[in-house]
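**Student:** Need the 3D shape of this:
(4 chains)
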There are 2 protein chains.
Amino acid sequence: MSNDSEAPSQIGTRLGYLFKHAALRLQELHDQVLAPFGIDARQLGVLLVLTGQEPPSQHQVAQRLGVDRTTMVALLDTLEDKGILSRHPHKQDRRRNVVELTEHGKDTVRRATQASDEAERSLLSPLSPPDQKRFRDALQLIAH
Amino acid sequence: MSNDSEAPSQIGTRLGYLFKHAALRLQELHDQVLAPFGIDARQLGVLLVLTGQEPPSQHQVAQRLGVDRTTMVALLDTLEDKGILSRHPHKQDRRRNVVELTEHGKDTVRRATQASDEAERSLLSPLSPPDQKRFRDALQLIAH
DNA sequence: TATTGTTATACTCTATAACTATA
DNA sequence: TATAGTTATAGAGTATAACAATA
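**Tutor:** Here you go, the predicted model:
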């Protein structure tokens, strides 16, 4: 007696569809605000792993981002070429490459993070401030 | 005076990271529950476009999913080979292929949608029922 | 001329396998 | 033997270009 005759399963109400399109919109916003820094959202993700903690090895960076260590090589090559980070052999274990932000890298991360904050605010702007907080908390809960 | 000395921008709190990982978890849940039907989450998305409305052309299906029409061909080939849908030339415009669910396809969609509902419930289970509703509404708002 | 479906091709992203060096 | 970084290679997924049929 309710809505049996309506479309029972609109694609636009599925979580998978909604996640994909929310991520696409956020991607576009990031493309815009990060362009001045010469990096994209994914590269900022790499840089965020390098901030506020003991400089990790390449392998550790890859693990924290959930990508293969072979994929990490080109990713770091690009950022090293831009002068954003540097690689040095680990003192005690010379198999490892310690990855560190340069001064320019630290400055880039700081400013790019502010730009990313702006992109996130823009995405969440249809929600009231308390709803924004609830949404973020809920997303953090289900994403683990 | 607040948290300047703490990690200022943990990767695990960024919306992009959270969307990616929430989508990954949902993908895994879908892989499990959809396996009995021989389709994956993406293919179910195609089928959902075909339900509850005038049978669309291949091009229309592609547009609604936001993929190129050349990409649609192989996607539909697979589902047609499984006997889930059929293609017929449009009566008035024979350039078009009208895409329709078969009886088996309709049954598959109905049962696969229930399985997908279960996957979504599972993903949202850390939230209280009212929070689940709020999260879904918020996501729909920001995804457009 | 423009559009739909199709195929061939190329590009992007990523992982697997194999190699070097270090442990 | 095992691990970290690197390179070469292959696979999945996707779009662009070109073509045939149709409008």
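
**Student:** center of chain A, which residue is that?
**Tutor:** For chain A, the residue sitting closest to the mean C-alpha position, by C-alpha atoms, centre = their mean, is residue A:45 at 3.8 Å.

**Student:** which element is that residue on?
**Tutor:** Secondary structure assignment for residue A:45, by DSSP states H and E: helix A:41-49.

**Student:** Next to DNA strand C, which bits of chain A? Give me the list.
**Tutor:** Contact residues of chain A with respect to DNA strand C, defined by C-beta under 7 Å from any atom of the strand, are listed as A:67, A:68, A:70, A:71, A:74, A:92, A:93, A:94, A:95. (Each C-beta comes from the backbone N, C-alpha and C, glycine too.)

**Student:** What sits closest to the fourth one if chain neighbours are left out?
**Tutor:** The reference is to residue A:71. In space, and not counting its chain neighbours, residue A:71 is closest to residue A:62: 6.9 Å by C-beta to C-beta, 6 or more residues apart in numbering or on different chains.

**Student:** Around the one you found, how many other residues sit close by?
**Tutor:** 21 (other C-beta atoms under 10 Å in any protein chain shown).

**Student:** so it makes contact with residue A:76?
**Tutor:** No. Here residue A:62 does not reach residue A:76: they are 9.4 Å apart, not a contact under C-beta atoms under 8 Å.

**Student:** Surely residue A:82 is in contact with residue A:37?
**Tutor:** No. Using C-beta under 8 Å, residue A:82 is not in contact with residue A:37, being 9.5 Å away.

**Student:** neighbours of residue A:100, just the number please.
**Tutor:** Other residues within reach of residue A:100 by the criterion other C-beta under 10 Å amount to 13.

**Student:** ditto for residue A:88
**Tutor:** There are 11 residues near residue A:88, going by other C-beta under 10 Å.

**Student:** partners of the helix or strand it falls within, with directions?
**Tutor:** For residue A:88, the host element (DSSP H and E) is strand A:85-89. With DSSP bridges as the criterion, the sheet partners recorded for strand A:85-89 are strand A:97-101 (antiparallel).

**Student:** Quick check: mean pLDDT of the helix or strand following the partner strand?
**Tutor:** Of the helices and strands lying after strand A:97-101 in sequence (DSSP H and E), the nearest is helix A:103-124. Here helix A:103-124 scores 97 as its mean pLDDT.

**Student:** buried sites along helix A:103-124?
**Tutor:** When burial is assessed from 16 or more other C-beta atoms under 10 Å in any protein chain shown, helix A:103-124 yields the following buried residues: A:105-106, A:108-109, A:112-113, A:115-116, A:119-120, A:122-124.

**Student:** Kindly reformat those residues as CSV containing distance to residue A:133.
**Tutor:** Listed next are the buried residues of helix A:103-124 as CSV, based on distance: C-beta to C-beta, whole Å:
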residue, distance to residue A:133
A:105, 31
A:106, 29
A:108, 28
A:109, 24
A:112, 23
A:113, 19
A:115, 21
A:116, 18
A:119, 17
A:120, 12
A:122, 16
A:123, 14
A:124, 9
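
**Student:** show me what contacts residue A:11?
**Tutor:** The neighbourhood of residue A:11, defined by C-beta atoms under 8 Å, 6 or more residues apart in numbering or on different chains, consists of A:17, B:45, B:48, B:49, B:64, B:65.
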